[in-house]
Every structure is written in C-alpha cells, then in structure tokens.
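[1] the following comprises the amino acid sequence and a computationally predicted model.
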Amino acid sequence: MTTDPKRREPSLELQRQINDSIAARNRSTRSGASTLDNGILTNSSSRTAEHDDLAGDENGAEPGTPPVGSQFEYLDHPADIILHAWGVDLQESLSNIAVCMFGYMTSLDSISINKTQTLDHGTNVTGQGHDMNSLIYSFLDEWLFNFHDTGFIPKEVKVSELHRDVWRIVSSGKGEMMDIKHHPQGTEVKAITYSGMRVNEKDGRCDVYVVVDI
C-alpha cells in the first residue's frame, strides 16, 4: 500500500501523549496491565450533545473483556495478545476484529455513539493490500492510525466493501472521541503484526486471528 508520509504523522501533541504512554508502560511490570495513562482527552461536554440512543454504560464490561453477545475474544500470547473474531463471512469477521482491538484499549460499553464525531472520523476507513494478510494488516492499521490521529473509538465497525480481486476494504464505524474522564483505560495497542495471522473460512463461518503488539 502506498501511503502519504505526511498523513501518517500524528500531531506533535498526540505524539507526546503516545510517547508518554509508551514510557509509562515500559516502567510497569509485565504482570500489571499497561494503560493509556495519557489517553487522548476531549471536552467532556461533547458527550452531552448529538448522541443517539446508544449511550455508553460506564459500569459495563472492563477493557479486555468482550461485552455480552460479542463475536470475539482475547487469547493469551507469551508477549502480546491474540485477537480472535468470527462471523458468518469474512466481512463480518473483519468488522468484529476491529471492534475487538478497540475493546482491549477501553470498555466498549462505555462508548456512546456521537453522530457528528462518527461522521467526521468514522467514515470511509479503507485498507489496501496485495494478499489476504496484507489486507487485514492494512485494515487494522488504518483504524489504529485513525485513533492515534483523532482519538476516535468505534464501538461498531462495518465492512461495507471487500474486493478480493484488488485486495481492498472500505469500512465505517460508529462511536465517539476517547475521553479519559469517562472511558476506562485499558492496554495500549502499539501496532498490528503479521505473526500468527490467519483466516479460517468454512461454510457459514469465518474465523480471523491477529496478534497485536502491546
């Protein structure tokens, strides 16, 4: 995938927050949960406006715990974490694995759907690859970059287009900006990896496994 280098650079303030978070994680022990100590903070008053009826529940599932009814789970890995998502087909499974990634960073139950922020930051997130693994990598990497660039956390993701002939994905998500006053801080996802990535497709079921660097 060809990417504009200028687009990939977070703002100086966001980069400072990311660096501070990495430094804080490195000071913690592996036995303790590393957190987004300097998570992206938005104006808390924004949560009171332009939300639909899917309001967040701050007393819901903890970060790293799938909400009831989710089609994903977290599997142990010696150093990182394995995201495992499933669905009736590849499109649904990829939609679920993107949500799975964000559910490790905060409680999805605490996320509301802000219509304006969703329109501004959750539409037309695309991935481009040259084979299946590079497509999945690009797709998740674009969502992770979108978070680092804007602070937007989706609680729902939908893959609207999946073109295997040109290895391209188009997706959108519904959610809001990360606000550490309201959203529990989970474990930071630093990067997507190719390690252990695999897709198992059978009639009526697709499973996707991705290891992420934490």
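    Okay, I see it.
[2] flag every buried residue along stretch 207-214.
    207-212, 214 (16 or more other C-beta atoms under 10 Å). C-beta: built from backbone N, CA, C; applies to glycine.
[3] kindly report the same for stretch 168-182.
    Those would be 168-180, 182, for stretch 168-182 by 16+ other C-beta under 10 Å.
[4] could I get those residues in TSV, plus columns for pLDDT, distance to Asn200 and secondary structure?
    Output for those, formatted as TSV (pLDDT from 0 to 100; distance: C-beta to C-beta, whole Å; DSSP: H, G, I helix; E, B strand; the rest coil):
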residue	pLDDT	distance to Asn200	secondary structure
Arg168	97	22	strand
Ile169	97	18	strand
Val170	97	24	strand
Ser171	97	21	strand
Ser172	97	26	strand
Gly173	97	24	strand
Lys174	97	28	strand
Gly175	96	28	strand
Glu176	96	33	strand
Met177	95	35	strand
Met178	93	32	coil
Asp179	90	37	coil
Ile180	87	37	coil
His182	88	37	coil
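[5] any idea which of the buried residues of stretch 207-214 is closest to Asn96?
    Of all these, Val208 has the smallest distance to Asn96: 8.0 Å, by C-beta to C-beta.
[6] how near is the closest one to Gly196?
    Here Val208 is placed at a distance of 11 Å from Gly196 (C-beta to C-beta, to the nearest Å).
[7] could you pull out the strands in this protein for me?
    72-76, 81-87, 125-128, 152-163, 168-177, 191-192, 198-202, 205-213 (DSSP state E).
[8] and the helices in the chain, which stretches?
    Applying DSSP state H to the chain gives helices spanning 12-27, 90-103, 115-121, 132-150.
[9] and which of the buried residues of stretch 168-182 is nearest Ile81?
    For the buried residues of stretch 168-182, the nearest to Ile81 is Met178 (19.2 Å; C-beta to C-beta).
[10] tell me who's in contact with Ser93.
    Counting by C-beta atoms under 8 Å, 6 or more residues apart in numbering, Ser93 touches 71, 85-87, 199, 206-208.
[11] could those go into a markdown table alongside pLDDT and distance to Asp120?
    Putting these into a markdown table (pLDDT from 0 to 100; distance: C-beta to C-beta, whole Å) gives the following:
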| residue | pLDDT | distance to Asp120 |
| --- | --- | --- |
| Gln71 | 94 | 27 |
| Ala85 | 97 | 26 |
| Trp86 | 96 | 31 |
| Gly87 | 96 | 27 |
| Val199 | 97 | 31 |
| Cys206 | 97 | 31 |
| Asp207 | 97 | 33 |
| Val208 | 97 | 28 |
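[12] no more questions from me, cheers.
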